[in-house]
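Visitor: Starting from these lines, generate the structure:
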Amino acid sequence: MSRLTESLNPQQLHAVKSIEGPLLILAGAGSGKTRVITHRIAYMLGKGIPQSAILAVTFTNKAAREMAHRVRELCVQKLQNMTVSTFHAFGVQVLREHGHHLDYRRNFTIYDETDKQSLIKESARDLGLLRRSHDGFDAYRIASLFSRLKSNSADWQEETVHLQPLFREYQSRLKLFNAVDFDDLIRLPIRLLEDYPEVRSALHQRFRYFMVDEFQDTSLQQYRLIRLLAAESGNLCVVGDDDQSIYSWRGAHFENILQFERDFPTYREVKLEQNYRSTRKILVAANRVILHNKNRKGKSLWSGLAEGESVVLVFPENEQREGEFIAERIRSLALKKRIPLNQFGVLVRTNSQTRAVEEAFVRQNLLYQVSGGMSFFQRKEVKDILAYLRVMANPDDDMNLLRIINTPRRGIGKKTVEAIVATARDRGCSLYSALNALHASAASGAEIAALPDKAPELLGEFHELIENFRSRFLKTGQLTSSLGQLVEELDYWSYLVQEHSRPEVARWKYGNIEGLMDSVSGYEEDPDNLDPNLYEYLNRATLVSRDTLEDFDGRERVNLMTIHAAKGLEFDTVFLAGLERGLIPHARSVEEGAHNLEEERRLFYVAITRAKQRLFLSSCRSRRRRGRPEEAEPSPFLEELPPELIEQHREDEELSDTEAIRLFAEMKSRLGGAGGSD
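Guide: Now for the predicted structure:
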């Protein structure tokens, strides 16, 4: 046990050993909160608390995996009965075990945002609300409204009440298709806990100790769920930092910390204020900025590290010059200070700011990656194959059936689909049931006027394909081999070649299909998956966070991302670009009042505290807007920085030819003589 606790500071040790009753851990940036959480779990296990009694939840699959991995490193026993997951993954688990109370079968499908909007459109079309032109119909906006309604963060208003029939139809179809959306993964477990005493009793008996990471980012519904779970034992530990609450736009409610204090009045509080990440100058700058926020719990980070370099402030002429400065300085520091490229972070307020920086990186031949791009599982070719798997797991999944019924093209046209839809509507059944009924009728010799001549034969072939592969996929240990056979049977490669005139595009897209096969293979061969099956894999694919699969060839790259995407990361050297009024604080936030202005300041604070050794701030004198250069003003947040820690940028002397050759030779030597010889 001493091995677990000897490396902790007094505050961390107190937090680790406080395992009974409610506990609030205020963990400042870089204060080792993940270390505290993982050591606390290991400490509990060492005290004899069963693995199955512990539930630890966080926000991304990546964070959950890291947490579980670090606990395994601290413990000698295998951790097969402990639940470390995201809120949504835990919701899947609850619905899988207890969803039958709400008439959901275990093989339910999870609809992502694309599926959700498609179902809303289909529902609207059948209600006569959606015309061919789609004029005035914003599925994204409606989906967002439905999400807010289901998470209790919005009520029906006079201007939205006309959408109530669409909402009811959407909900009805989800239930008919044995499907749920992401909001249901929190909403339905809450309903089970509140309305079904046997479910509440079962979960209370199993889980006795609860931990919530990044508590400041929880929504009202997520806190409601964890409060219901912890109501009986009272052993709820929440870890967060109100100064890093930057996600109100996606439902995060940083005042949950205050609500926790009201709901658990016997709570104890531990503040983690020692920062292990940043030099003192960077930390003093961050503290000075965040002090201007009124709605916060008092704490002041301190560092035992060196004073460090001053914060550098730059006022480039425009965004092009800003990009050039960043690229040149990264290139120079990488050579002179021997800093790996992946230890540089370039942070911006909005995605639109990356273009000028990317262009500069290309000109300087700097490898870089933009984080937060399209998820691997959102790419069309991957979604096509996953749609087949979803239909095999849940044939009543209408949205995915419609996606695959003629992809790749097999001659099943619009008239045939309309006949299937009409039959499903008349019988009150799913499309697959309607398809089977039409196929059976045609096979028995009945003539179906609504179907084209060749349709019965084509539907029969499609039905046979699904049923044949469904039986294979549902057998234990055959996911990978069955997927390879399915892709070959579909001849998806020929389909890609026909769809794309450039062969390199077809090859790239087929490479994503191969990546999906690798993903399935890795899942099936993972020894920690005690029962690898199609249902679990599909749920993982839907829940997986954006940062799980990145195109990466192993070479070091500069990290370019929004400040929101940088939350939880750290870099040796950080460049914070576009520090101008209207960008940060964002113009919209200024209009919406002091509450949003404080969140913008928290965003600035988060950006500063990503830096370990060096911090560069840039504010352009002019920036292009709508194609025309406009004068820009510095962000008012810059005035809140301590002037004694700021250094105005002075252009470096250019490297001499001799020094450049020497530094390049050193870098080449460190890389093992990359490049070889003729």
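Visitor: For the rest of this, base every contact and every neighbour count on C-alpha atoms.
Guide: OK.
Visitor: any chance you could map the helices in the stretch 251-400 of the chain?
Guide: Here the stretch 251-400 of the chain has its helices, by DSSP state H, counting those that start in this stretch, at 256-263, 280-290, 319-336, 354-363, 380-393, 398-404.
Visitor: ok, of the ones you listed, where does mean pLDDT dip lowest?
Guide: In terms of average pLDDT, helix 354-363 trails the rest of these, at a mean of 83.
Visitor: Centroid-wise, who is the farthest residue in the chain?
Guide: The C-alpha centroid of the chain is most remote from Gly445, which lies 51.6 Å away (Cα atoms, centre = their mean).
Visitor: ok, now how distant is that one from Arg338?
Guide: 77 Å (Cα to Cα, to the nearest Å).
Visitor: Same check on Glu488?
Guide: Using Cα to Cα, Glu488 is found at 48 Å from Arg338.
Visitor: One more: Arg390?
Guide: From Arg390 across to Arg338, the span is 48 Å (Cα to Cα).
Visitor: if you count what's nearby, which of those two comes out ahead?
Guide: With neighbours defined as other Cα atoms under 10 Å, Arg390 and Arg338 compare such that Arg390 has more, 26 against 13.
Visitor: Tell me how far that one lies from Ala327.
Guide: From Arg390 across to Ala327, the span is 45 Å (Cα to Cα).
Visitor: Got the confidence number for the residue lying closest to Glu317 once chain neighbours are set aside?
Guide: Nearest non-adjacent residue to Glu317, counting by Cα to Cα, 6 or more residues apart in numbering: Arg621, 5.2 Å away. Confidence at Arg621, expressed as pLDDT, is 92.
Visitor: Next, Arg621: phi, psi?
Guide: Phi and psi for Arg621, reported as degrees, to the nearest 10, are phi -80, psi -30.
Visitor: what sits against it?
Guide: The contact partners of Arg621, taken as Cα atoms under 8 Å, 6 or more residues apart in numbering, are 315-318, 631-634.
Visitor: Please enumerate the helices of the stretch 551-678 of the chain.
Guide: Applying DSSP H, counting those that start in this stretch to the stretch 551-678 of the chain gives helices spanning 563-566, 587-591, 594-608, 657-670.
Visitor: Can I get the first one in PDB? Just the C-alpha atoms.
Guide: The C-alpha coordinates for helix 563-566 follow below in PDB (Å, rounded to 0.1, in the frame of the first residue of the first chain):
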ATOM      1  CA  ILE A 563      -8.800  25.400 -27.800                       C
ATOM      2  CA  HIS A 564     -11.800  23.200 -27.000                       C
ATOM      3  CA  ALA A 565     -10.000  20.200 -28.700                       C
ATOM      4  CA  ALA A 566      -6.900  20.900 -26.600                       C
END
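Visitor: outside of that helix, which residues touch it?
Guide: Contacts of helix 563-566 (Cα under 8 Å, 6+ apart): 246, 347-349, 371-372, 603, 606-607, 610.
Visitor: how about 6 Å then?
Guide: Applying Cα atoms under 6 Å, 6 or more residues apart in numbering, the contact partners of helix 563-566 are 347-349, 607.
Visitor: Just give me how far that helix sits from the chain centre.
Guide: With Cα atoms, centre = their mean, to the nearest Å as the basis, helix 563-566 stands 12 Å off its chain's centre.
Visitor: I'd like to know the average pLDDT value across that helix.
Guide: Mean pLDDT, helix 563-566: 91.
Visitor: hang on, the earlier thing: are any of the contacts of Arg621 buried, and if so which?
Guide: Among the contacts of Arg621, the ones that count as buried by 16 or more other Cα atoms under 10 Å are 315-316, 318, 632, 634.
Visitor: Tell me which two of those residues sit farthest apart.
Guide: Greatest spatial distance in the buried ones among the contacts of Arg621: Asn318 and Pro634, 12.4 Å, computed using Cα to Cα.
Visitor: now stretch 146-165: mean pLDDT?
Guide: pLDDT averaged over stretch 146-165 gives 90.
Visitor: how far does that stretch stretch from start to finish?
Guide: First residue to last in stretch 146-165 (Cα to Cα) measures 12 Å.
Visitor: Same question for it: list its buried residues.
Guide: Across stretch 146-165, burial judged by 16+ other Cα under 10 Å covers 146-148, 150-151, 163.
Visitor: quick one on the thing from earlier: mark which of the contacts of Arg621 are part of strands, please.
Guide: Counting by DSSP state E, those place Glu631 in strands.
Visitor: ok, the contacts of Arg621 vs Gln648, which is closest?
Guide: In terms of Cα to Cα, no member of the contacts of Arg621 lies closer to Gln648 than Phe315, at 8.7 Å.
Visitor: Pretty sure Cys620 is one of the things that closest one touches, is it not?
Guide: Yes. Using Cα atoms under 6 Å, Phe315 is in contact with Cys620, at 5.3 Å.
Visitor: ok, the buried ones among the contacts of Arg621 vs Glu159, which is closest?
Guide: Nearest to Glu159, judged by Cα to Cα, of those is Ala632 at 37.3 Å.
Visitor: which residues sit against stretch 327-341?
Guide: The contact list for stretch 327-341 (Cα under 6 Å, 6+ apart) reads 361, 556-558.
Visitor: at 7 Å what do you get?
Guide: By Cα atoms under 7 Å, 6 or more residues apart in numbering, the surrounding residues in contact with stretch 327-341 are 360-361, 364, 556-558, 663.
Visitor: quick one: the strands in the stretch 201-350 of the chain?
Guide: Here the stretch 201-350 of the chain has its strands, by DSSP state E, counting those that start in this stretch, at 209-212, 236-240, 268-272, 274-275, 302-303, 311-314, 344-348.
Visitor: Check the ones you listed for me: which has the lowest mean pLDDT.
Guide: strand 302-303 (a mean of 90).
Visitor: Would you mind putting the buried residues of stretch 146-165 into CSV with distance to Gly28 and secondary structure alongside?
Guide: Output for the buried residues of stretch 146-165, formatted as CSV (distance: Cα to Cα, whole Å; DSSP: H, G, I helix; E, B strand; the rest coil):
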residue, distance to Gly28, secondary structure
Phe146, 35, helix
Ser147, 31, helix
Arg148, 30, helix
Lys150, 32, helix
Ser151, 29, coil
Leu163, 43, helix
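Visitor: can those residues go into JSON lines with extra columns for distance to Val497?
Guide: Shown next, in JSON lines, are the buried residues of stretch 146-165 (distance: Cα to Cα, whole Å):
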{"residue": "Phe146", "distance to Val497": "39"}
{"residue": "Ser147", "distance to Val497": "38"}
{"residue": "Arg148", "distance to Val497": "42"}
{"residue": "Lys150", "distance to Val497": "42"}
{"residue": "Ser151", "distance to Val497": "43"}
{"residue": "Leu163", "distance to Val497": "42"}
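Visitor: Would you list the buried entries among the contacts of stretch 327-341?
Guide: The neighbour-count criterion (16+ other Cα under 10 Å) marks 360-361, 557-558, 663 among the contacts of stretch 327-341 as buried.
Visitor: quick check, nearest of those to Lys271?
Guide: Proximity of the buried ones among the contacts of stretch 327-341 to Lys271 (Cα to Cα) peaks at Val558, which lies at 33.6 Å.
Visitor: which residues does that closest one bridge with?
Guide: Judged by DSSP bridges, the bridge partners of Val558 are Tyr368.
Visitor: Quick check: which ranges of the stretch 351-500 of the chain have low pLDDT?
Guide: Scanning the stretch 351-500 of the chain with the threshold set as pLDDT under 70 gives 372-376, 447, 449.
Visitor: Where do the strands of it begin and end?
Guide: Counting by DSSP E, counting those that start in this stretch, the stretch 351-500 of the chain has strands at residues 368-370.
Visitor: got a list of contacts for the longest strand along the chain?
Guide: Counting residues, the longest strand found in the chain (DSSP E) is strand 611-618. By Cα under 7 Å, 6+ apart, the surrounding residues in contact with strand 611-618 are 277-279, 308-309, 311-315, 570-579.
Visitor: For Asp528, find the nearest of the helices of the stretch 251-400 of the chain.
Guide: helix 380-393 (22.1 Å).
Visitor: who does that closest one touch, helix- and strand-wise?
Guide: Judged by 3 or more Cα pairs under 7 Å, 6 or more residues apart in numbering; DSSP states H and E, the packing partners of helix 380-393 are helix 398-404, helix 503-525.
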